[in-house]
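[1] show me the folded form of this:
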Amino acid sequence: MNQWRRRAIRVAAAYGFIPALLCGAYLAGTWDGPNRAPMLVVVLVMMLFATGGWLAANRLSESRIWWRVPLLTGALINLAGDTALGLLDGGAAGPLGTLLPASAVFLAITVPPRAFLGFSVLSVLAYGILVFFGDPPPPGYAMVHLLAYGAAAVLCLRHSTILASLRRRLSHASRTDPLTGCLNRRGFDERVAAELAKGRTTTLVLLDLDHFKSVNDTYGHQAGDDLLAWAGHELLAEVRATDAVGRLGGDEFAILLPGTDAAEAAEIVTRVRARLAGATPSSLGFATFPADADDADSLSIAADSKLYADKSAHVRQAATEQQVEFARTHMSENGPAATVAKGERRRHSIADPGWMAMAQTLIALVYVGFFTEHHDHRAVMAAICVWGFAAGLAVVASADWLSRARAARPLMLAFATSSFLSCAAIAALDGGVDGPLGVGMLLSIPLLVFGMRTSVAVPVAVLAAGLYTLVATTVGDPNPWYVALNLFGTAATSFACAVQGRAAARQRRMLTRLARVDVLTGVLNRRGFAERFTADPGTGLLVVDLDKFKQLNDAHGHAAGDDLLRWVAQTLRTSVRPDDLVGRLGGDEFVLLVSGNADTVATELRDALAERTGASIGVAIAGRDGDGFDSLYAVADARLYQQKLTRPASYSAAAGL
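    This next block holds a predicted model:
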């Protein structure tokens, strides 16, 4: 997260520095113009603040609160500087007049959404100062620029907000167990570390479901999964909002009770034991920080020791058939977990250019209707606007289909080419790039760079810049500095959008992996395996269950069991082909999707695992035994338990350590 904040601060600083640098070059090339000395002072102040923000990025990014200060301060400085420069240079239609509305696009991707609303109001007021106190712009110029840049800023803000929501949900998913809705091991460990860092009294409760293995062995893994889901939901319903519940693996759960001492924890443990007893008797142990331990590892060891003392102190009984059925029919609703639909970002990235095309053409149509009454090309310009609006609407309406289609890239390239050609045509008909509609040729570039793949966005951006330059050199007589500053200003904004977009993409890829990988073993978790599962005819689904794994945990503790699980996962991965899937569904249950002769693979895996543990492996073949994961899993699971009944389970406690 610090890296994300540091990058945001530096992007903001760069955006303050680059326009100031461009303005410095403009001043150097036009020093004989009016007001150059005060304009130079403004440029130097903007550079000074931008440099300070860049240098302080490392220190400021460490704070959750103060890292926003340079963003907001820099935005205010740039806003004031752009206003002063535009006013001193002649007004809204001058070469520096677009700095102010263009900054709104940049603010949309850097400052928080609530702050953006305030800056938007300030930007509109500042632009009004340019319009009313500067040289009068051409009719319709201010309206088109204000609305067009405003639409681009709103769409960038929308896309940025969607990406932030996507990251939040992925972050939640990467820390949540998909079966129970509790925190997974990674999420729970992070929460423990955060609470202990506060230094206040905190209690850790560990619990195991008694003889849970026999539930899987007797009623099947689906019944066991339902029982685990019920237990997780009941634990979440019992604790306070400030507490945390985690599933560490298999039937192992943990509860974190911040601000709770040993006496209070004992009462909570009694309530939890009674609540779970209706469907699955459990063993519990707890330890309190700092009374029983002074760090997370020692706290876990102390709670684990009391857990096994509790196991020895009472007669443990497995859940009965009636209790399992009770859990399956009375599982409480815990609310939907945060989810991220496949292709969600791709769908929004496709729809956004469509929305931008609709907004631009609608603004242009308003301009044509109210400001071109005697224009020779009024009808043609209106027709181009209608075509652009219809094309944008078609893209928005078909965004869901396009996000899944293989032809999406060439179709979007064709749409982008058509949009920019339309913008070039209407700008040329209106008198050139310095006319009211000339801005439309550049406005879509930052949004495209922000939301699309580089391989798509860069060619489109180059095409748009080339068209803008072509129109500038062949139509009308625009100020060369006006053309250059618009091009380089768009490039600076696009660069900022590209940096933010690529950073968001990297974080999203990392979170996506974390959400789909088992923290302990490094293989796919339940969510990841289900998403990548594709059962081609002849492929085999293997369900692997370690023999007497529960006894290892009971005899030597969870650390020994975790070590064995990591070794098993590594052995499975190295024993199958690189393209085969390996996943851990929970506890000591692994699942594989393999090509080739599945029965032979199962035999080879059983022999490889025999070095440290016995294993039962059920096999189902796609096409012969079913097509989907559920049907194949049911067949493989049934064959696994038939195998358990026909062969003696083997496990060496010594080998498992």
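[2] right, and I162 touches H348 too?
    Yes - in this structure, I162 is within contact of H348 by C-beta atoms under 8 Å, at 5.2 Å. Every residue, glycine included, has its C-beta placed from N, CA and C.
[3] now the helices for the stretch 101-250 of the chain?
    With helices called from DSSP state H, counting those that start in this stretch, the stretch 101-250 of the chain shows them at 113-133, 141-174, 185-197, 212-219, 221-238.
[4] next: the stretch 451-600 of the chain.
    Counting by DSSP H, counting those that start in this stretch, the helices of the stretch 451-600 of the chain are 454-474, 480-516, 526-532, 549-556, 558-575, 598-609.
[5] list the buried residues of the first one.
    Okay, so that is helix 454-474. Going by neighbour count (16 or more other C-beta atoms under 10 Å), the buried part of helix 454-474 is 456-457, 460-461, 463-465, 467-468, 471-472.
[6] could those be laid out in a markdown table, adding distance to V43 and pLDDT?
    Listed next are those as a markdown table, based on distance: C-beta to C-beta, whole Å; pLDDT from 0 to 100:
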| residue | distance to V43 | pLDDT |
| --- | --- | --- |
| V456 | 35 | 71 |
| A457 | 30 | 77 |
| V460 | 32 | 80 |
| A461 | 27 | 85 |
| L463 | 32 | 84 |
| A464 | 28 | 87 |
| A465 | 25 | 90 |
| L467 | 30 | 90 |
| Y468 | 25 | 93 |
| V471 | 29 | 94 |
| A472 | 25 | 94 |
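[7] out of those residues, the closest to E611 would be?
    Using C-beta to C-beta, V456 comes nearest to E611 of these, at 49.9 Å.
[8] quick check: mean pLDDT of stretch 277-294?
    What stretch 277-294 shows for mean pLDDT is 91.
[9] just the buried residues of it, please?
    Those buried within stretch 277-294 under the rule 16+ other C-beta under 10 Å are 279-289, 292-293.
[10] show me the residues you listed that map onto strands.
    Among the buried residues of stretch 277-294, DSSP state E puts 282-289 in strands.
[11] relative to D547, how far out is A223?
    Distance of A223 to D547, given as C-beta to C-beta, to the nearest Å: 20 Å.
[12] repeat for D208
    D208 is 18 Å from D547, by C-beta to C-beta.
[13] do the same with T218
    16 Å.
[14] now find how far off-centre the helix or strand harbouring L448 is within its chain.
    Assigned by DSSP states H and E, L448 falls within helix 440-451. How far helix 440-451 lies from its chain's middle: 22 Å, per C-alpha atoms, centre = their mean, to the nearest Å.
[15] next one: stretch 270-289
    For stretch 270-289, the gap between its own C-alpha mean and the chain's C-alpha mean amounts to 36 Å (C-alpha atoms, centre = their mean).
[16] what about that stretch, start to end distance?
    One end of stretch 270-289 to the other measures 20 Å (C-alpha to C-alpha, to the nearest Å).
[17] now swap in stretch 538-549 and tell me
    Calculated as C-alpha to C-alpha, the first-to-last residue distance of stretch 538-549 is 31 Å.
[18] pop the domain breakdown of the chain in here.
    1-174, 185-327, 344-478, 526-656 (automatic domain parsing).
[19] V519: which of these is closest?
    Nearest to V519, of these and by C-beta to C-beta, is domain 185-327 at 4.1 Å.
[20] straight-line length of the closest one, end to end?
    First-to-last residue span, domain 185-327, C-alpha to C-alpha: 24 Å.
[21] how distant is it from the center of its chain?
    So, by C-alpha atoms, centre = their mean, the centroid of domain 185-327 is 30 Å from its chain's centroid.
[22] ok, back up a step: identify whichever of the domains of the chain lies nearest to V499.
    Closest among the domains of the chain, using C-beta to C-beta: domain 1-174, at 5.3 Å.
[23] center of the protein - which residue?
    R167 (2.5 Å; C-alpha atoms, centre = their mean).
[24] how close does that one sit to A391?
    Distance of R167 to A391, given as C-beta to C-beta: 31 Å.
[25] do F549 as well
    With C-beta to C-beta as the criterion, F549 and A391 are 60 Å apart.
[26] what comes up buried for the helix or strand containing T417?
    Counting by DSSP H and E, the element that carries T417 is helix 408-429. Judged by neighbour count (16+ other C-beta under 10 Å), helix 408-429 contains these buried residues: 408, 412, 415-416, 419-429.
[27] just these now: which is nearest F533?
    Distances from F533 to the buried residues of helix 408-429, taken by C-beta to C-beta, are shortest for A408, at 24.0 Å.
[28] contact partners for the closest one?
    Residues counted as contacts of A408 (C-beta atoms under 8 Å, 6 or more residues apart in numbering) are 346, 350, 402.
[29] of those - the most surrounded one?
    I350 (25 neighbours; other C-beta atoms under 10 Å).
[30] could you confirm that residue falls within a strand?
    No - counting by DSSP: H, G, I helix; E, B strand; the rest coil, one finds I350 to be helix, located in no strand.
[31] got a pLDDT number for it?
    Looking at I350, its pLDDT stands at 84.
[32] which residues touch it?
    Neighbour list for I350: 395, 399, 402-403, 408, 412 [criterion: C-beta under 8 Å, 6+ apart].
[33] against E589, how distant is it?
    39 Å.
[34] so which helix or strand of the chain has the lowest pLDDT on average?
    helix 653-656 (a mean of 42; mean pLDDT, DSSP states H and E).
[35] can you pull the buried residues of the helix holding L448?
    440-451.
[36] what angle do it and helix 454-474 make?
    Helix 440-451 and helix 454-474 are oriented at 170 degrees to each other (axes from the mean of the first three to the mean of the last three C-alpha atoms, to 10 degrees).
[37] who's in contact with S160?
    Counting by C-beta under 8 Å, 6+ apart, the residues that S160 touches are 108-109, 450, 500.
[38] what residues are up against the nearest residue to A416 once chain neighbours are set aside?
    Sequence neighbours aside, V460 is the residue nearest to A416 in space, at 4.5 Å (criterion: C-beta to C-beta, 6 or more residues apart in numbering). Residues near V460 by C-beta under 8 Å, 6+ apart: 413, 416-417, 420, 445, 448, 452.
[39] tell me the two of the ones in strands among the buried residues of stretch 277-294 that are most distant?
    Going by C-beta to C-beta, the pair spanning these furthest: S282 and F289, at 22.5 Å.
[40] and which of the contacts of S160 is nearest H314?
    Q500 (57.0 Å).
[41] grab the nearest non-local neighbour of the closest one.
    I109 (5.1 Å).
[42] how much space between the one you found and L130?
    23 Å.
[43] over to P537?
    68 Å.
[44] neighbour count: those two, which is higher?
    More neighbours surround L130 than the other of P537 and L130, with 28 against 9 (other C-beta under 10 Å).
[45] the closest residue to the more buried one other than its chain neighbours: what secondary structure?
    Nearest residue to L130, sequence neighbours excluded (C-beta to C-beta, 6+ apart): A92, at 4.3 Å. With three-state DSSP as the basis, A92 sits in coil.
[46] what is the neighbour count of A92?
    When neighbours are counted by other C-beta under 10 Å, A92 comes out with 27.
[47] re earlier: in a markdown table: the contacts of S160, plus distance to E238 and pLDDT.
    Output for the contacts of S160, formatted as a markdown table (distance: C-beta to C-beta, whole Å; pLDDT from 0 to 100):
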| residue | distance to E238 | pLDDT |
| --- | --- | --- |
| A108 | 44 | 83 |
| I109 | 43 | 78 |
| F450 | 45 | 75 |
| Q500 | 42 | 72 |
